[in-house]
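> kindly return the folded structure for what I paste below:
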Amino acid sequence: MTQFNSRTEGPKPWWMPAGLALLAAAGVVMYFTSGVVFQAFHGPRTIEEKELAELKEPGSNDNYVSYTPPRPFIDTGLQWGRKGNPGTKYVLLPVGDRFMLCSARIANNGPTFTGRLGHRGGSTEDEVVQRIKASAPDVAARIMPIMLQAVRSIWFDTAVALAAVVILAAGGAFLVLRSMLTKRPPPEPEF
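Numbering: from 1, shown residues only. From the prediction side, this is the model:
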């Protein structure tokens with residue numbers, strides 16, 4: 001039974017390509033998540049009612065915002081979460097003559113809401129809007145297609161992205177360096 005000995009057998013032919021592939025994957029993850037990471041370290045930007053009212057499409061690299069509505073928000077009374085432990089409530093934030101749906105932590109009573117702007121479209125958000133339509137059709141007609149998600153912290157996504165980059169880069173660097181630094185065995189003498 002032969003055991004691997006890096007000093008006598010030399011580098012495996014797959015170490016270098018695998019290491020380079022892991023480094024490339026780390027670069028791709030960093031490229032696609034850099035907007036979220038930079039926003040997290042920069043902090044939320046304050047968005048005013050006028051800008052929010054004119055907003056058609058929230059940018060993916062500029063959607064971490066802090067909004068203080070000019071008038072009191074409307075608590076819909078709708079809460080979601082685990083049985084006996086609801087973690088999310090839905091409120092309507094006034095934006096001009098319209099309302100923006102906001103998912104917020106139960107303990108968040110305003111007046112400022114911080115989170116990421118995005119399109120409304122999840123099944124839970126659709127159910128919330130349907131319930132609002134059933135109880136207050138005049139209000140539901142004025143709900144914007146954009147919502148503020150103030151429940152999940154941007155730091156969770158940032159931590160996952162940074163962990164992925166570090167793990168991929170460390171694995172890639174290890175394989176590349178191991179391939180480069182492992183001594184190649186001397187050539188076999190020919191008889």
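
> now for the strand ranked longest in the chain, which elements pack on it?
Longest strand in the chain by number of residues (criterion: DSSP state E): strand 85-95. Contact partners of strand 85-95 among helices and strands, from 3 or more Cβ pairs under 8 Å, 6 or more residues apart in numbering; DSSP states H and E: helix 49-54, strand 74-82, strand 98-105, helix 123-135, strand 143-150. For glycine as for every other residue, the C-beta is placed from the backbone atoms N, C-alpha and C.

> which residues touch that strand?
49, 52-53, 67, 69-76, 78-81, 99-106, 108, 110, 113, 125, 128, 132, 139, 143-144, 148, 151 (Cβ atoms under 8 Å, 6 or more residues apart in numbering).

> can you flag the buried ones in these?
49, 52, 67, 69, 73-74, 76, 78, 80, 99-104, 108, 113, 125, 128, 132, 143-144, 148, 151 (16 or more other Cβ atoms under 10 Å).

> related to what we said a few turns ago, how far is the longest strand of the chain from where the chain is centred?
20 Å (Cα atoms, centre = their mean, to the nearest Å).

> the helix or strand where Pro17 lies: which residues count as buried?
Pro17 is part of helix 15-42 when elements are defined by DSSP states H and E. Neighbour-count burial for helix 15-42, counted by 16+ other Cβ under 10 Å, picks out 15, 18-19, 22-23, 25-26, 29-30, 33, 35-37, 39-40.

> same question for stretch 122-135.
Glu125, Val128, Val129, Ile132.

> from the residues you listed, which is closest to Phe174?
Nearest to Phe174 among those, counting by Cβ to Cβ, is Glu125 at 43.3 Å.
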